[in-house]
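Asker: Quick one: sequence plus predicted model below, questions after.
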Amino acid sequence: MSDILGALGQAWSRLLLYPGGLSAVLMVLIVARLRGIPLATVGPFTLLDLLPSLGVITLLPLTPAAPFAYGLDVPTALLMLLWPSFRRAARERIAPQQMLEWYLPLLIAATALVSVTTTLDLSGLLRWPAEPLRQLCFLLGVLAWIAALPPVTSLQSNLAGACSEVGLLLIGVLPLIAGLNTLPITREIPSLILVPAMLIVAVMAASGACNLSLPARYLLAGIALLVSGFPVR
């Protein structure tokens, strides 16, 4: 624990500026604005709900953030980002079967992305494959991930829920950022511009997926998982 705290002290800009801190707050405000959520409706929250999601955003492998010796893996990041919804489900006594129906497409999509990258580390989502088939599998995984988000984390009425959604959306666009960075025309775009732009695209895509039926989300996630296991010759 002392090593982690020491590393965070050296990477203080991650905590205060980017991708956490000030930039995280700005991204939450962008998402709230695009969702049409008035700031007056942002209700009270507890640090217990906020800190896990903010921690994930702070540790995302985004450039030009200060380097950090300790990364996150996909399962840990997903568990931390879903923590506010777990707490809400416990308070409102939502049936476990209903929760599973909401979460399962997202878990399948996460498995598809991990299968393509062959690593659990979040940094693997920034490794754009060279093979066209793997690129297609990557894109299908991203599409399934974003399509699975609306039932799980439609923007809640507090800052913790908003941070959770921003973190999940940012994970979904990591492969897109990796792909765009391979193109000469977009390689020169600063990350501080590219990341918010891709976040806006992801919000719009998630909004468009709100009308998808649950079976359609399962189908899309299942296809992404199926093709992610195809061997590359």
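Answerer: All right, it came through fine.
Asker: which regions of the chain lie under the pLDDT threshold?
Answerer: The chain contains residues with pLDDT under 70 at 1-12, 36-46, 66-70, 153-158, 230-233.
Asker: how about the helices in it?
Answerer: 2-10, 12-16, 21-35, 47-59, 74-81, 83-92, 96-117, 132-153, 159-180, 184-187, 191-208, 214-228 (DSSP state H).
Asker: ok, and which of those helices has the densest surroundings?
Answerer: Highest mean neighbour count of the helices of the chain: helix 159-180, a mean of 24 (counted as mean count of other C-beta atoms under 10 Å). All C-beta atoms are positioned from the backbone trio N, CA, C, and that covers glycine.
Asker: Give me the most central residue, the protein.
Answerer: In the chain, the residue lying closest to the centroid (C-alpha atoms, centre = their mean) is Leu168, at 2.3 Å.
Asker: For the nearest residue in space to it that is not next to it in sequence, which residues are in contact?
Answerer: In space, and not counting its chain neighbours, Leu168 is closest to Leu81: 5.3 Å by C-beta to C-beta, 6 or more residues apart in numbering. For Leu81, the contacting residues are 52-53, 56, 153, 164, 167-168, 171, by C-beta atoms under 8 Å, 6 or more residues apart in numbering.
Asker: So for Leu126, which of the helices of the chain sits nearest?
Answerer: Of all these, helix 159-180 sits nearest to Leu126, with 4.5 Å by C-beta to C-beta.
Asker: Now Pro129: closest residue in space that isn't a chain neighbour?
Answerer: Using C-beta to C-beta, 6+ apart, the closest residue to Pro129 is Gln135 (5.4 Å).
Asker: who touches the closest residue to Ser164 other than its chain neighbours in this structure?
Answerer: With sequence-adjacent residues excluded and distances taken as C-beta to C-beta, 6+ apart, Ser164 is closest to Ser53, at 4.4 Å. The contact partners of Ser53, by C-beta under 8 Å, 6+ apart, come to 80-81, 83-84, 160, 163-164, 166-167.
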